[in-house]
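Peer 1: coordinates only, sequence not included:
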Ligand SMILES: Nc1ncnc2c1ncn2[C@@H]1O[C@H](COP(=O)(O)OS(=O)(=O)O)[C@@H](OP(=O)(O)O)[C@H]1O
Ligand SMILES: Nc1ncnc2c1ncn2[C@@H]1O[C@H](COP(=O)(O)OP(=O)(O)O)[C@@H](O)[C@H]1O
């Protein structure tokens, strides 16, 4: 491994948080860092999975099935020694716990950037549409987000750079190995 660092133990790095909180930005960089260090790693992202399965909606039932399916895939990959970087809003505690219990090694990372900051960023213009009532069941506006009860790591991206967020994740992985 790079710089003779001791090997990191593969886990499912599960990024949860509001739209625009920074899940994709940080998780893509963590994915690249792990790959660069020679680890087997896969990235599962909400938007990418939903592009393949466009009929998946945003009711609790649909979100829960979607999260349990991708969680199952993540658990299989991790069991075979692959790091999994998963970024999903995954707003419900029971679905996240279901995935945690299914995985041999699970690391919940709450990207806890507050709603006001996410809404101000409005990366995709979705908050504006949700406020106008043009999108139903929008997390944080017209649908709940249940804050993780006991995440392994919490990162608020309001006043940090994406690189600082990545370093927090890598430091966590080094410390637990
Ligand atoms: N109603 C509603 N609520 C929340 N998000 C919405 C909605 N409609 C579309 N989008 C877009 O879908 C992305 C979230 O997909 P996920 O699979 O991560 O969501 S979930 O885990 O099933 O809750 C999310 O992407 P991110 O911004 O990357 O989180 C949005 O772009
Ligand atoms: N420290 C940070 N970490 C992650 N994203 C940040 C940070 N600071 C600012 N941002 C910006 O916030 C936005 C987050 O969007 P994105 O990663 O798509 O969020 P999500 O995947 O949670 O919807 C991006 O435009 C990104 O450049």
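Peer 2: Received the coordinates, thanks. Note that the coordinates shown come from a computational prediction; the quantities given were computed from them, not determined experimentally. Ligands and ions are numbered 1, 2, ... in the order given.

Peer 1: need the contact list for whichever residue of the chain sits closest to ligand 1.
Peer 2: Of all residues in the chain, residue 46 sits closest to ligand 1, at 2.3 Å by C-beta to the nearest ligand atom. All C-beta atoms are positioned from the backbone trio N, CA, C, and that covers glycine. Residues near residue 46 by C-beta atoms under 8 Å, 6 or more residues apart in numbering: 87, 88, 89.

Peer 1: ditto for residue 14
Peer 2: 74, 86, 88, 90, 96, 99, 100, 106, 107, 108, 109.

Peer 1: Next: residue 135.
Peer 2: Neighbouring residues of residue 135 by C-beta under 8 Å, 6+ apart: 126, 129, 142.

Peer 1: One more pass at 10 Å, please.
Peer 2: If a contact means C-beta atoms under 10 Å, 6 or more residues apart in numbering, then residue 135 has 58, 126, 127, 128, 129, 141, 142, 143 as its contacts.

Peer 1: Tell me the secondary structure of it, please.
Peer 2: coil (DSSP: H, G, I helix; E, B strand; the rest coil).

Peer 1: pLDDT value on it, please?
Peer 2: pLDDT, residue 135: 97.

Peer 1: for residue 4, same thing?
Peer 2: Residue 4 is given a pLDDT of 55.

Peer 1: Not counting sequence-adjacent ones, nearest residue to the residue in the chain that ligand 2 sits nearest to?
Peer 2: Nearest to ligand 2, among the residues of the chain, is residue 22, at 2.8 Å (C-beta to the nearest ligand atom). Leaving out its chain neighbours, the residue that sits closest to residue 22 by C-beta to C-beta, 6 or more residues apart in numbering is residue 157, at 4.0 Å.

Peer 1: again, but for residue 156
Peer 2: residue 112 (4.8 Å).

Peer 1: Tell me who's in contact with that neighbour.
Peer 2: Counted by C-beta under 10 Å, 6+ apart, residue 112 has contacts 16-18, 21-22, 147-148, 151, 153-158.

Peer 1: Which of those fall within strands?
Peer 2: The strands, defined by DSSP state E, take in 16, 153, 154, 155 from those.
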